[in-house]
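Novice: only geometry, no sequence info:
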């Protein structure tokens with residue numbers, strides 16, 4: 001209840017409904033603030049705060065009009081802004097396995113999948129997922145193997161098919 005509400009309502013007869021309505025229908029101009037509004041501290045203007053007025057000693061932050069540029073603005077300034085500039089695509093590169101690794105770790109007639117390569121320790125997970133795998137043609141192969149769900153280079157495909165193996169999608 002505002003300060004002057006009791007004084008204002010003291011002379012009104014409470015038995016009438018009009019008095020009750022006038023109390024509940026208060027308006028904004030009848031409300032007064034109970035506490036003083038605190039003004040914010042203005043730093044660096046001399047006076048009671050001493051010689052440096054709360055700004056510390058020398059440096060960029062102590063000067064008048066000290067506005068330090070945000071770090072992100074420097075990043076924006078460094079980005080190339082020429083016509084036709086394209087950023088490099090952020091594509092995940094596949095895990096690479098060579099034919100000589102397959103020759104050493106697998107037997108004749110094995111079906112090779114990314115999961116099997118992960119289990120044998122030839123590839124590692126990236127960001128908690130099994131990565132895409134690409135088989136490259138480094139080395140020689142004599143075993144008939146079947147490769148599934150892996151990308152294969154042209155030289156690796158040639159060597160695997162020459163040994164009697166197959167590549168399936």
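Specialist: Everything's here; your move. The structure presented is a predicted model; accordingly, all values stated were derived computationally and were not measured.
Novice: gap between residue 118 and residue 27?
Specialist: From residue 118 over to residue 27 the distance is 74 Å, taken as CB to CB, to the nearest Å. The way it works is simple: take the backbone N, C-alpha and C, and place the C-beta from them, glycine included.
Novice: please say which of the two ends up with more neighbours.
Specialist: residue 118 (16 against 6; other CB atoms under 10 Å).
Novice: contacts only, for residue 113.
Specialist: By CB atoms under 8 Å, 6 or more residues apart in numbering, residue 113 lies in contact with 148-150.
Novice: most neighbours out of those, which is it?
Specialist: When neighbours are taken as other CB under 10 Å, the top entry among the contacts of residue 113 is residue 150 (20 neighbours).
Novice: next one: that residue from residue 159, what distance?
Specialist: Taking CB to CB, one finds residue 150 at 14 Å from residue 159.
Novice: ok, which stretches of this structure are helices?
Specialist: Remark: helices assigned in the chain by DSSP state H are 5-10, 17-24, 71-78, 99-105, 114-120, 154-162.
Novice: please enumerate the strands of the chain.
Specialist: In the chain, the strands defined using DSSP state E lie at 95-98, 111-112, 133-136, 146-148, 151-152, 166-168.
Novice: could you list the low-pLDDT ranges of this protein?
Specialist: Scanning the chain with the threshold set as pLDDT under 70 gives 1-24, 42-51, 85.
Novice: okay, now the domains of it?
Specialist: 1-31, 95-168 (automatic domain parsing).
Novice: start to end distance for the last one?
Specialist: It refers to domain 95-168. 18 Å (CA to CA, to the nearest Å).
Novice: what do you get for stretch 77-96?
Specialist: Start-to-end, stretch 77-96 (CA to CA) is 37 Å.
Novice: gap between it and the chain center?
Specialist: Centroid separation for stretch 77-96 versus its chain: 18 Å, with CA atoms, centre = their mean, to the nearest Å.
Novice: any buried residues in that stretch, and which?
Specialist: Buried positions in stretch 77-96, judged by neighbour count with 16 or more other CB atoms under 10 Å: 94-96.
Novice: these two touch, right, residue 125 and residue 119?
Specialist: No. Using CB atoms under 8 Å, residue 125 makes no contact with residue 119, being 11.5 Å away.
Novice: who's in contact with stretch 91-99?
Specialist: Identification of contacts with stretch 91-99 by CB under 8 Å, 6+ apart yields 117, 122-124, 126, 131-141, 150-151, 156, 159-160.
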